[in-house]
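> What shape does this take:
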Amino acid sequence: MSDSRANRRAVVIDDDPDVGGLLAAILGGAGFDVKVAADGPTGLHLVRDFAPEITTLDVNMPGVDGFETLRRIRLLSSTRVVIVSGRVDEIDMVLGLSAGADDYIAKPFRAREMRARIEAVLRRSAEYGPVSVAVPETGWLNAGAVRLCVAQREARLHGRLVALTRSEFELLAGLAIACGKVCSKEQLVGTLRLRGEAGSGLVTDSDRRALEVHVANLRRKLDNAGAHELIETVRGIGYRVAALVR
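Model (predicted):
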């Protein structure tokens, strides 16, 4: 992370003092002013009052669990949220990402990987647009019948707004820019992380699973809006916008 960004703040929400202390040390070493909460309600107050740039969140906490805490966070803050949890079943990842998490990292984790993942989430927040390629001068992209306004990060189908998370919008925009060409899972992970050239860097099984969850959620929302079968799976490779295939 660049040291040029001043007054960076982070909140750690975890009922395990050892894990909370480790996360606070990692973030503190990256230049953040860190506040730690041992439960969801206290964490919510910190997010509201401290206005953190990044928040890490455990799932298994007494009282208000991490998923409910995340839903409440999203009502009052745009802080980037990274779930850090020992629950690694796919359904838990689905719930977390669907509720608005920006990343989902399994415990136990390595300090270096944790810092790299947090850096990637924050780069995504700092950069403009989902991918490092030219966007049409109109500021709009087309994915079949779905139109994407890059400046406002809005997706519309026949003029009606389709509510997408940031990650879902970036995925659909990346696929639209590809103009019907297949985007590999590695490329799309790179799009979400903004690691530089698509596909560069280590892509883990956890990355691929998270991507698959994002794509599944995106497909469900598009289908509910009336854009059926817009995203096609190309087995063994990745995805493309079927309506743009020439």
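> quick check: longest helix of the protein.
helix 205-225 (DSSP state H).
> now it: mean pLDDT?
Averaging pLDDT along helix 205-225 gives 90.
> from the middle of its chain, how far away would that helix be?
11 Å (CA atoms, centre = their mean, to the nearest Å).
> Give me the distance from the next helix-or-strand element following that helix to the chain's centre.
Of the helices and strands lying after helix 205-225 in sequence (DSSP states H and E), the nearest is strand 231-234. Centre-to-centre, strand 231-234 and its host chain are 21 Å apart (CA atoms, centre = their mean).
> Which neighbouring elements make contact with strand 231-234?
The contact analysis (3 or more CB pairs under 8 Å, 6 or more residues apart in numbering; DSSP states H and E) places strand 231-234 against helix 205-225, strand 238-241. For glycine as for every other residue, the C-beta is placed from the backbone atoms N, C-alpha and C.
> Okay, now the sheet partners of the shortest one, with direction.
This points to strand 238-241. strand 183-184 (antiparallel), strand 231-234 (antiparallel) (DSSP bridges).
> Domain parsing of the protein, as residue ranges.
9-126, 140-244 (automatic domain parsing).
> Save those domains as CSV, and put in mean neighbour count too.
Written out in CSV, the entries for the domains of the chain read as follows (neighbours: other CB atoms under 10 Å):
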stretch, mean neighbour count
domain 9-126, 19
domain 140-244, 18
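> ok, back up a step: out of the strands paired with strand 238-241, which gets the lowest mean score?
Among the strands paired with strand 238-241, strand 183-184 scores lowest, at a mean of 86.
> Let's see the pLDDT reported for the spatially most central residue of the chain.
By CA atoms, centre = their mean, the chain has its centre lying nearest to Asp102, at 2.8 Å. For Asp102, the pLDDT comes out at 85.
> picking that back up, indicate which one of the helices and strands packed on strand 231-234 is closest to Ile73.
Ile73 lies closest to helix 205-225 among those, at 18.3 Å (CB to CB).
> Which neighbouring elements make contact with that closest one?
helix 90-98, strand 103-106, strand 160-162, helix 166-177, helix 185-193, strand 231-234.
> could you dump those to a markdown table with distance to Pro41?
Shown next, in a markdown table, are the helices and strands packed on helix 205-225 (distance: least, CB to CB, whole Å):
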| stretch | distance to Pro41 |
| --- | --- |
| helix 90-98 | 19 |
| strand 103-106 | 22 |
| strand 160-162 | 32 |
| helix 166-177 | 26 |
| helix 185-193 | 31 |
| strand 231-234 | 38 |
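> Figure out which of the ones you listed is closest to Asp18.
Across those, closest to Asp18 is strand 103-106 (CB to CB), at 16.2 Å.
> lowest-confidence stretch among the domains of the chain?
Averaging pLDDT over each of the domains of the chain puts domain 140-244 lowest, since it has a mean of 83.
> now that domain: how far from the chain's centre is it?
With CA atoms, centre = their mean, you get 12 Å for domain 140-244.
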